[in-house]
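Engineer: Build the 3D model from these lines:
(2 chains)
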Amino acid sequence: MDSTTTASPAHSSTEAAATLVDARPILRRTEDNVWDRAEQLRSQLYRLIEDTCRNLGFEALVLQSDPYIHPAWVKVESWKPERGGALTARSSMSVTITAMPYHLYEFVYRVDWAKQGRQGVTDHLHAFREHEVTQMLRFLLKDPDVPLFGDGEAARILENVQLRTEWWHIWKPRNRVMALRRDRVRAGSGVLLAAGAFMTLGGLASAAGGFDDGGGYDPLLYDTTAVVSVPGTDTVTSPFVDSVTVVPTTDSVVTTTSSDTTMAQAATPARLWLAADQDFTAWLDAGDRAFTNTGARYEDWSYYASAGERIAVTMRSTDFVPVVTLGQYVDGRWNELATPPGGAGPDSRLEFVVPADGVYVITAASRLPEGTGSYTLRLDRLGGA
Amino acid sequence: MMIPLGILLAFAGLAGLVVTGRARRLVRSAGKPLAEPRIPFFLDAWQTVIFGAGVDESLIRDRLMALFTGAHQQRFACAVERIWRWGLDGKTEREQIVLRYRRGIVFAQIYSYGSDLYVGWDARMNLGTWIEKPIASGIDRETGERVQVMTVERAVQPTTEYDLVDVNCLLEWTHAQVTQVLRRYVREREIDQEIDFTIIRGDRQRATGQEEKRPDGPDERSRRFRRTA
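Structural biologist: Numbering: from 1, shown residues only, chains lettered A, B, ... in the order given. Predicted coordinates for the structure are as follows:
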């Protein structure tokens, strides 16, 4: 009976000891670790530098860090006699090896060098192999003259083994942490937050009066007085205009009625609206419409004008030879009303007295089929109305 | 329409960040090497020169190594290390016997100078330690857990009275072995020389305050004590 009562607690305490989890805050020691491998690399580099110096015909001082010194390093120093014993050309190099566990490149090298009064540092190297050792030692010991930009010479030698030091160095490898993968939930949340904030602030700013476009390109620019509506025709809306009529609405190809040209163009409505007394910069490119006969690119701009108004339209471009014309679509046919005086140049200008209220179309075109690039269009009110 | 949608998206994003920020996060650590990084602080030393014993350098070395690395001796780690120093007229490369016990290190030197033999040791407290340093946070590629990845870097750890006791024990034990070997050798060879076995004591008071100073090493950064092991 006694033995039973005394044995039971002992049994419990043994069980408790067997299930005890070691949760002490002690870093585990690892036999195969990058720091020990860094020391092995240091020893290899030490031998390599010694051998390379000998192959280049120099007996230089080569030192390496003591055991258990981190980061490990190897140094080489040379005093090369010049013109007798009193003058020496001195060069040195120190290579530091830093262990980077969990990274794509487990070792990162840093090279500090000095040559005859010049010195430099190249950091973030993912390798320092026989090729780099030979080239650097040749640069330091063998080449007689110091280049004016010695830093550039060392950087050129080590360019191919340099890690990305700036985010925009996309041609260099990045020493990313390999133990982790992207946290998509967190990244997505960040994107949502940013997008939401942008939309909210944008909406608030828009409600408060809109953004100032700075006079640049806007596909729906308009003259604030051009609030017109002609029933039975297609309508283009803009954030600033209730409705603007564009005549005509068909996409049929028509022949111009102008006497001085045989150009044909698609009679589609112009979506670019011109405001008076302002410069508008736009681009002619391969995506724009082209005249079916010449192939030259053009863009149509619309302007609502009142009867008796006298206007001048000027188109300027340094990228191509500009041609500006003014007309109207009448029953699906292009009726050219004004053309610039003859002659090619960087400017194309026409003047026109508006005969009746309505929407007039200004065609900004290139004279030649291959003409593309930026141009500036300006409509000036000269008087009348 | 844009403003309510923007507020909705912002709240959704914020909620996602809060939820992921409050989620459990484990720590993945690379561990630390078998030995601490060395930042030695000088404590005690002893040395002598035995006349006419230069020829027996290897004999005395072997006898000492037998005591240092014998099967009966498992308390103190012993290794032979090669060291390099820049001397007066070039590089000097030598071997030294290193005994380690916790933070105590004893460097023993046995070098012949012509016909004479130099035997000595110097004891040091290693102030170096490994402390953890975060690298990055994210999803662990192996387990899918949310983790913080840590590595270690060298730092300075202050000494305690226990550390002094440890290094005292190591240096006294080493000195006893050296004394034993040399006394026996002098007796065997009947060398008429009185050897002074008195240890030269260093400043122990400074050892405990060393953590406030910059350790030797040009680029070493002093940092506050953070015990990790």
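Engineer: hey, let's count contacts and neighbours off CA atoms from now on
Structural biologist: Fine.
Engineer: who's in contact with the longest strand seen in chain A?
Structural biologist: In chain A, taking DSSP state E as the definition, the longest strand is strand A:87-99. Applying C-alpha atoms under 8 Å, 6 or more residues apart in numbering or on different chains, the external contacts of strand A:87-99 come out as A:34-35, A:38, A:42, A:70-82, A:106-116, A:140-141.
Engineer: Among those residues, name the ones in helices.
Structural biologist: Counting by DSSP state H, the contacts of strand A:87-99 place A:34-35, A:38, A:42 in helices.
Engineer: Can you get me a residue count around residue B:133?
Structural biologist: Using other C-alpha atoms under 10 Å in any protein chain shown, residue B:133 is surrounded by 13 other residues.
Engineer: burial count for residue 93?
Structural biologist: All of this is about chain A. 22.
Engineer: Wait, chain B was what I had in mind.
Structural biologist: Neighbour tally, residue B:93, other C-alpha under 10 Å: 12.
Engineer: shouldn't it be in contact with residue B:87?
Structural biologist: No - counting by C-alpha atoms under 8 Å, residue B:93 sits too far from residue B:87 to count as a contact (9.4 Å).
Engineer: Show me which residues of the stretch 101-250 of chain A are close to chain B?
Structural biologist: A:101-102, A:177-183, A:185-186, A:188-204 (C-alpha under 8 Å from any C-alpha of the partner chain).
Engineer: so of those, which ones are in helices?
Structural biologist: Per DSSP H, those map to helices at A:185-186, A:188-204.
Engineer: Now list the buried members of those residues.
Structural biologist: A:186, A:189-203 (16 or more other C-alpha atoms under 10 Å in any protein chain shown).
Engineer: related to what we said a few turns ago, so which of the ones in helices among the contacts of strand A:87-99 wins on neighbours?
Structural biologist: Ranking the ones in helices among the contacts of strand A:87-99 using other C-alpha under 10 Å puts residue A:35 first, with 27 neighbours.
Engineer: got a list of what the spatially most central residue of chain B touches?
Structural biologist: Closest residue to the average C-alpha location of chain B: residue B:38 at 4.0 Å, with C-alpha atoms, centre = their mean. By C-alpha under 8 Å, 6+ apart, the residues touching residue B:38 are A:68-69, B:126-129.
Engineer: Give me the distance between the two termini of stretch A:138-157.
Structural biologist: 11 Å (C-alpha to C-alpha, to the nearest Å).
Engineer: ok, back up a step: same list, the contacts of residue B:38, but as a markdown table with pLDDT and neighbour count please.
Structural biologist: Converted to a markdown table, these look like this (pLDDT from 0 to 100; neighbours: other C-alpha atoms under 10 Å in any protein chain shown):
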| residue | pLDDT | neighbour count |
| --- | --- | --- |
| A:68 | 87 | 18 |
| A:69 | 88 | 17 |
| B:126 | 93 | 24 |
| B:127 | 91 | 24 |
| B:128 | 92 | 23 |
| B:129 | 92 | 24 |
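Engineer: what would these look like in TSV with secondary structure and distance to residue A:23?
Structural biologist: What follows is the contacts of residue B:38, written out as TSV (DSSP: H, G, I helix; E, B strand; the rest coil; distance: C-alpha to C-alpha, whole Å):
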residue	secondary structure	distance to residue A:23
A:68	coil	28
A:69	coil	30
B:126	strand	26
B:127	coil	26
B:128	strand	24
B:129	strand	21
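Engineer: mind listing what residue B:11 touches?
Structural biologist: Residue B:11 sits next to A:193, A:196 when contact means C-alpha under 8 Å, 6+ apart.
Engineer: Any idea how many residues pack against residue B:43?
Structural biologist: 23.
Engineer: Can you give me every residue that contacts it?
Structural biologist: Residue B:43 neighbours (C-alpha under 8 Å, 6+ apart): B:122-125, B:201-204, B:207.
Engineer: Which positions within the longest strand of chain A qualify as buried?
Structural biologist: Neighbour-count burial for strand A:87-99 [16+ other C-alpha under 10 Å]: A:89-99.
Engineer: Count the neighbours of residue 66 for me.
Structural biologist: Going with chain A. Around residue A:66 there are 17 residues (other C-alpha under 10 Å).
Engineer: To clarify, I was referring to chain B.
Structural biologist: Counted with other C-alpha under 10 Å, residue B:66 comes out at 12.
Engineer: what's the answer for residue B:122, then?
Structural biologist: With other C-alpha under 10 Å as criterion, residue B:122 counts 19.
Engineer: Residue A:293 too?
Structural biologist: The number of residues packed near residue A:293 is 11, by other C-alpha under 10 Å.
Engineer: Could you report the separation of it from residue A:369?
Structural biologist: Taking C-alpha to C-alpha, one finds residue A:293 at 10 Å from residue A:369.
Engineer: For the stretch 201-350 of chain A, which segments count as strands?
Structural biologist: For the stretch 201-350 of chain A, the strands defined by DSSP state E, counting those that start in this stretch occupy A:235-238, A:241-245, A:253-255, A:264-266, A:272-273, A:279-284, A:289-290, A:297-305, A:310-316, A:322-330, A:333-338, A:347-353.
Engineer: need those strands in CSV with mean pLDDT and mean neighbour count, can you?
Structural biologist: Converted to CSV, the strands of the stretch 201-350 of chain A look like this (pLDDT from 0 to 100; neighbours: other C-alpha under 10 Å):
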stretch, mean pLDDT, mean neighbour count
strand A:235-238, 38, 15
strand A:241-245, 37, 18
strand A:253-255, 31, 17
strand A:264-266, 37, 20
strand A:272-273, 78, 20
strand A:279-284, 86, 18
strand A:289-290, 83, 18
strand A:297-305, 86, 23
strand A:310-316, 91, 21
strand A:322-330, 87, 22
strand A:333-338, 83, 19
strand A:347-353, 89, 19
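Engineer: Low-confidence ranges, the chain, go.
Structural biologist: Unless you meant another one, I'm taking chain A. A:1-18, A:143-151, A:209-271, A:343-344, A:385 (pLDDT under 70).
Engineer: not what I meant, chain B
Structural biologist: Ranges of chain B meeting pLDDT under 70: B:71, B:207-229.
Engineer: for it, what's the longest helix?
Structural biologist: helix B:161-189.
Engineer: one step back: turn the buried residues of strand A:87-99 into a markdown table, columns for distance to residue A:302.
Structural biologist: Shown next, in a markdown table, are the buried residues of strand A:87-99 (distance: C-alpha to C-alpha, whole Å):
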| residue | distance to residue A:302 |
| --- | --- |
| A:89 | 77 |
| A:90 | 76 |
| A:91 | 73 |
| A:92 | 73 |
| A:93 | 71 |
| A:94 | 71 |
| A:95 | 69 |
| A:96 | 69 |
| A:97 | 69 |
| A:98 | 67 |
| A:99 | 68 |
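Engineer: Most widely separated two among these?
Structural biologist: Farthest pair in the buried residues of strand A:87-99 (C-alpha to C-alpha) is A:89 and A:99. Separation: 33.6 Å.
Engineer: Contact partners for residue A:33?
Structural biologist: Neighbouring residues of residue A:33 by C-alpha under 8 Å, 6+ apart: B:32-33.
Engineer: how near is it to residue B:151?
Structural biologist: 11 Å.
Engineer: that older thread, mind listing which of the contacts of residue B:43 are in strands?
Structural biologist: Those of the contacts of residue B:43 lying in strands (DSSP E): B:122-125.
Engineer: Which residue ranges of chain B form strands?
Structural biologist: Under DSSP E, chain B gives strands at B:26-29, B:40-50, B:77-87, B:90-101, B:104-113, B:116-126, B:128-140, B:146-156.
Engineer: how many degrees apart are the fifth one and helix B:161-189 in direction?
Structural biologist: Spelled out, it's strand B:104-113. Put simply, strand B:104-113 runs at 30 degrees to helix B:161-189, going by axes from the mean of the first three to the mean of the last three C-alpha atoms, to 10 degrees.
Engineer: Pull the most distant pair out of the ones in helices among the contacts of strand A:87-99.
Structural biologist: Top of the distance list for the ones in helices among the contacts of strand A:87-99 (C-alpha to C-alpha): A:34 and A:42, 12.0 Å.
Engineer: ok, back up a step: are any of the contacts of strand A:87-99 buried, and which?
Structural biologist: Buried members of those, counted by 16+ other C-alpha under 10 Å: A:34-35, A:38, A:42, A:70-80, A:106-111, A:113-115, A:140-141.
Engineer: Nice, that's everything, thank you.
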